[in-house]
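J.: Give me the fold of what follows.
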Amino acid sequence: MKTKVPRHILPVIVFSQFAGTSLWFAGNAVVPDLILELGLNETAIGYITNAVQTGFIIGTLVFALLNVADRISPVKVFLACSLLGAAFNALTIYGSGFGELMGARFLTGFFLAGIYPVGMKIASDWHEKGLGKALGYLVGALVVGTAFPHFLKFAGGDLPWRFVLISTSLISITGGLVLFFTVPDGPFKGKAGVFKPSALFTLFRQKNFRSAAFGYFGHMWELYTFWAFVPVMLAYYNGVSQASLSVPLWSFLIIAIGGVACAVGGHISLSMGSKKVAFTSLMTSALCCLLVPYMFQTPVWVFIAFLLLWGAVVVSDSPQFSTMVAGSADRSYVATGLTIVNSIGFAITMVSIQLVSSLWIVEGSPKIFWILCLGPLAGLFALRKFKSSD
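T.: Residues are numbered from 1 along each chain as shown. Take a look at the predicted model:
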């Protein structure tokens, strides 16, 4: 018998995912202010981003090893992490030194581990069919949430920089509460898996799971480094071309357009299949990596159009990778599978972010972004081995 999903379920999950993940780049949106406030140098962007990534990685490892969202109601996990993540995000404004700033961002990232992958788990528990479409909207919400602090920075105008952090914390709290009171655990929630660390190794023995996971890892090499450096690219273009682009506004638009692309890709996956959508996105993104150094000498409209295209394709494959990972995992360990793949993927982002940050400080040349191409190429190679059933 087919289970009918109430119409409000997916919109609520999408809103709550957006609300919770707005915490992610809240620190990045106010980097210039933090540099002035705490007397930091230009390497702060890498450290602030990687503090959140490190927290997320440790959090996902803890959640995966304990099978948290497979053993406890994922809705309750989402609520708790939305509240705690919001609290530590807000504490960022009270840090009086570099160590306190890093600690607050680390703990924000730790509790994001109970928001992003757990939100996908909740969606998979409600959607036995059409998961690629559902996750398209869900990852789209993550993308817009990631971009949202840049919009708040732009919209806030002359308001104190603390406005961005307080606003995102309040939004996260709202999202957690709305989800908790309106979305129960889904009908396709697998039987709770017993705590068994060996489940991680069992998952990776499955060829499709391994192929989808390694494709995702290649995608992640590029994604967060691109997002972290969008404001840097815009500022650099302003300098070399004498343009006056609004860095916060265009950062928001370039990152947020990926949310639309995720939703569109989710719909396309219903007819083309997740593998084809992911493959096309990766291939186009690899091409963008190769072309980017030459874009800084082009007219403004060409440069912006190029970054909007890159912003769309750099993430439109993400929900399809998650769909393939979830579909390849044992139903009792879907959350564990999604979480461990996220954890490894975000560990890869740290290497990429720190490498590009260091090279940017030394070289200051857009040619360093060629390094990002290694990820999509590796992802394309891994994805060839995925046997699609959709």
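J.: Who are the packing partners of the helix or strand containing residue 213?
T.: If you go by DSSP states H and E, residue 213 is part of helix 207-241. Packed against helix 207-241, as judged by 3 or more Cβ pairs under 8 Å, 6 or more residues apart in numbering; DSSP states H and E, are the following elements: helix 44-65, helix 198-205, helix 247-272, helix 274-295, helix 300-313, helix 318-328, helix 334-363, helix 374-383. No exception for glycine: its C-beta is placed from N, CA and C like everyone else's.
J.: rank those helices by pLDDT, which is bottom?
T.: The minimum mean pLDDT among those belongs to helix 198-205 (a mean of 74).
J.: Residue 90: how many residues sit nearby?
T.: 21 (other Cβ atoms under 10 Å).
J.: ok, now which ones touch residue 374?
T.: Shown in contact with residue 374 (Cβ atoms under 8 Å, 6 or more residues apart in numbering): 218, 221.
J.: where's it relative to residue 343, distance?
T.: 20 Å (Cβ to Cβ, to the nearest Å).
J.: before we move on, what about residue 88?
T.: 19 Å.
J.: same question, residue 152
T.: In terms of Cβ to Cβ, residue 152 sits 28 Å off from residue 343.
J.: Against residue 52, how distant is residue 313?
T.: Counting by Cβ to Cβ, the gap from residue 313 to residue 52 is 24 Å.
J.: So these two - more neighbours on which side?
T.: residue 52 (28 against 22).
J.: Which residue comes closest to that one once chain neighbours are left out?
T.: Of all residues not flanking residue 52 in the chain, residue 109 sits nearest, at 3.8 Å (Cβ to Cβ, 6 or more residues apart in numbering).
J.: Please identify the helix or strand for the one you found.
T.: helix 98-112.
J.: buried residues in that helix?
T.: Neighbour counts over helix 98-112 (16 or more other Cβ atoms under 10 Å) mark 101-112 as buried.
J.: Output the residues you listed in JSON lines; the columns should cover pLDDT.
T.: JSON lines is the format used below for those (pLDDT from 0 to 100):
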{"residue": "101", "pLDDT": "84"}
{"residue": "102", "pLDDT": "87"}
{"residue": "103", "pLDDT": "91"}
{"residue": "104", "pLDDT": "91"}
{"residue": "105", "pLDDT": "91"}
{"residue": "106", "pLDDT": "95"}
{"residue": "107", "pLDDT": "95"}
{"residue": "108", "pLDDT": "95"}
{"residue": "109", "pLDDT": "94"}
{"residue": "110", "pLDDT": "95"}
{"residue": "111", "pLDDT": "96"}
{"residue": "112", "pLDDT": "94"}
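J.: Residue 260 and residue 21: what is the separation?
T.: 16 Å.
J.: So for these two, which sits in the more crowded spot?
T.: residue 21 (27 against 15).
J.: excluding its backbone neighbours, what's nearest that one?
T.: residue 145 (3.5 Å).
J.: Wait, that neighbour touches residue 16, no?
T.: No: under the criterion of Cβ atoms under 8 Å, residue 145 makes no contact with residue 16, lying 9.9 Å away.
J.: picking that back up, so the helix holding residue 109 versus helix 44-65, what angle?
T.: When axes from the mean of the first three to the mean of the last three Cα atoms, to 10 degrees is applied, the directions of helix 98-112 and helix 44-65 differ by 40 degrees.
J.: Contacts for helix 98-112 next, please.
T.: So helix 98-112 is contacted by 20-21, 23-24, 26-27, 34, 38, 40, 47-48, 51-59, 81-82, 84-85, 88-89, 91-92, 94-95 (Cβ under 8 Å, 6+ apart).
J.: switch the cut-off to 6 Å
T.: 23, 27, 48, 51-52, 54-56, 58-59, 81, 84-85, 88-89, 91-92, 95 (Cβ atoms under 6 Å, 6 or more residues apart in numbering).
J.: again, but for stretch 309-317
T.: 143, 219, 223, 226, 254-255, 257-258, 261-262, 265, 278, 281-282, 284-285, 288.
J.: hey, C-alpha coordinates of it in PDB?
T.: Coordinates of the C-alpha atoms in stretch 309-317 are reproduced here as PDB (Å, rounded to 0.1, in the frame of the first residue of the first chain):
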ATOM      1  CA  LEU A 309      27.100  29.200 -13.800                       C
ATOM      2  CA  TRP A 310      29.800  27.800 -11.600                       C
ATOM      3  CA  GLY A 311      27.700  28.500  -8.500                       C
ATOM      4  CA  ALA A 312      24.900  26.500 -10.100                       C
ATOM      5  CA  VAL A 313      26.900  23.400 -11.300                       C
ATOM      6  CA  VAL A 314      29.300  23.200  -8.300                       C
ATOM      7  CA  VAL A 315      26.600  21.900  -6.000                       C
ATOM      8  CA  SER A 316      23.700  20.600  -8.300                       C
ATOM      9  CA  ASP A 317      25.300  17.100  -8.100                       C
END
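J.: Determine how far it lies from the middle of the whole chain.
T.: The chain centroid and the centroid of stretch 309-317 are separated by 12 Å, computed with Cα atoms, centre = their mean, to the nearest Å.
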